[in-house]
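Participant: got a sequence here, can you build the structure:
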Amino acid sequence: AVGGSAPQAAPADAVDKTLLAVRARGPVAPTGTPFDQTLLSGIERRLARHVGPIARYLIQTSIRSAASLEDLCSLLAQRIDHPDERQRFLSEALNAVSSGATGHPSARLEQSQRLASSSIAAEEIERAQRALAETLGPIARILVQRALPQARTSQELWDLLAGHIGPARERADFLRRAQRH
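Facilitator: Numbers count the residues shown, from 1 in each chain. Now for the predicted structure:
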């Protein structure tokens, strides 16, 4: 052999080992996470359809800065390049979170009682949902359902919903719609 040195390991070998480590079974999130492991596994499966086996790693790194499962889904959606796929993932993941969080009959009853006791008019809720859907798509329905128990006034509802809109200009446009009656 010319040069007399052994060939170095190809970079592809290192990538394969990384992918194997990511594929290893085990908890999706670090021990002690406040998030339900079953829901996290479902989110991982949905994310893997778009980004491949690195989904587990993305969840493990994103979970540190997520305050809720909805935040986690939003952070993960940012890792998907194609806008249609990003929206599809976000919609599916938040639907899973919503149905998983309220899957038990007593939880659904409690949620409906909270919504019924809301002091915000149904027309205002629907208007906010339509305005949010113009920016975020069909996920708006779920985000409104999540925000209602926290909002005591219609302005609080609009402010909570605006927090889901990333670009400042779009957020300002959304909040301007709150002022129109």
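
Participant: tell me which element the most centrally placed residue in the chain is part of?
Facilitator: In the chain, the residue lying closest to the centroid (Cα atoms, centre = their mean) is residue 73, at 1.7 Å. Using DSSP states H and E, residue 73 maps to helix 69-77.

Participant: now that helix - C-alpha only, CSV.
Facilitator: Taking C-alpha atoms only, helix 69-77 is exported to CSV below (Å, rounded to 0.1, in the frame of the first residue of the first chain):
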residue,chain,number,x,y,z
LEU,A,69,-46.8,19.7,25.4
GLU,A,70,-48.2,22.3,23.0
ASP,A,71,-44.9,24.3,23.3
LEU,A,72,-43.0,21.1,22.6
CYS,A,73,-45.1,20.4,19.5
SER,A,74,-44.5,24.0,18.3
LEU,A,75,-40.7,23.7,18.9
LEU,A,76,-40.6,20.4,17.0
ALA,A,77,-42.6,21.7,14.1
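
Participant: can you list the residues that contact that helix?
Facilitator: 35-36, 39, 43, 47, 58-59, 62-63, 65-66, 86-87, 89-90, 93-94, 97, 101, 143, 146, 164 (Cβ atoms under 8 Å, 6 or more residues apart in numbering). For glycine as for every other residue, the C-beta is placed from the backbone atoms N, C-alpha and C.

Participant: beyond that helix, next helix or strand please.
Facilitator: helix 83-101.

Participant: coming back round to it: list the buried ones in the helix holding residue 73?
Facilitator: 69, 70, 72, 73, 74, 75, 76, 77 (16 or more other Cβ atoms under 10 Å).

Participant: lowest average confidence, helix or strand, in the chain?
Facilitator: Using mean pLDDT, DSSP states H and E, helix 105-116 stands out as the lowest-scoring helix or strand of the chain, at a mean of 42.

Participant: now the helix or strand that that one is followed by, how far from the chain's geometric center?
Facilitator: Downstream of helix 105-116, the next assigned helix or strand under DSSP H and E is helix 122-136. Centroid separation for helix 122-136 versus its chain: 19 Å, with Cα atoms, centre = their mean, to the nearest Å.

Participant: could you check the angle helix 83-101 makes with the helix or strand following helix 122-136?
Facilitator: Using DSSP H and E, the helix or strand that follows helix 122-136 towards the C-terminus is helix 140-147. Per axes from the mean of the first three to the mean of the last three Cα atoms, to 10 degrees, the angle that helix 140-147 makes with helix 83-101 is 40 degrees.

Participant: and helix 140-147, what does it pack against?
Facilitator: Helix 140-147 is packed against helix 83-101, helix 122-136, helix 154-162, with contacts defined by 3 or more Cβ pairs under 8 Å, 6 or more residues apart in numbering; DSSP states H and E.

Participant: quick one: closest of the ones you listed to residue 53.
Facilitator: helix 83-101 (15.6 Å; Cβ to Cβ).

Participant: fine by me, we can end here.
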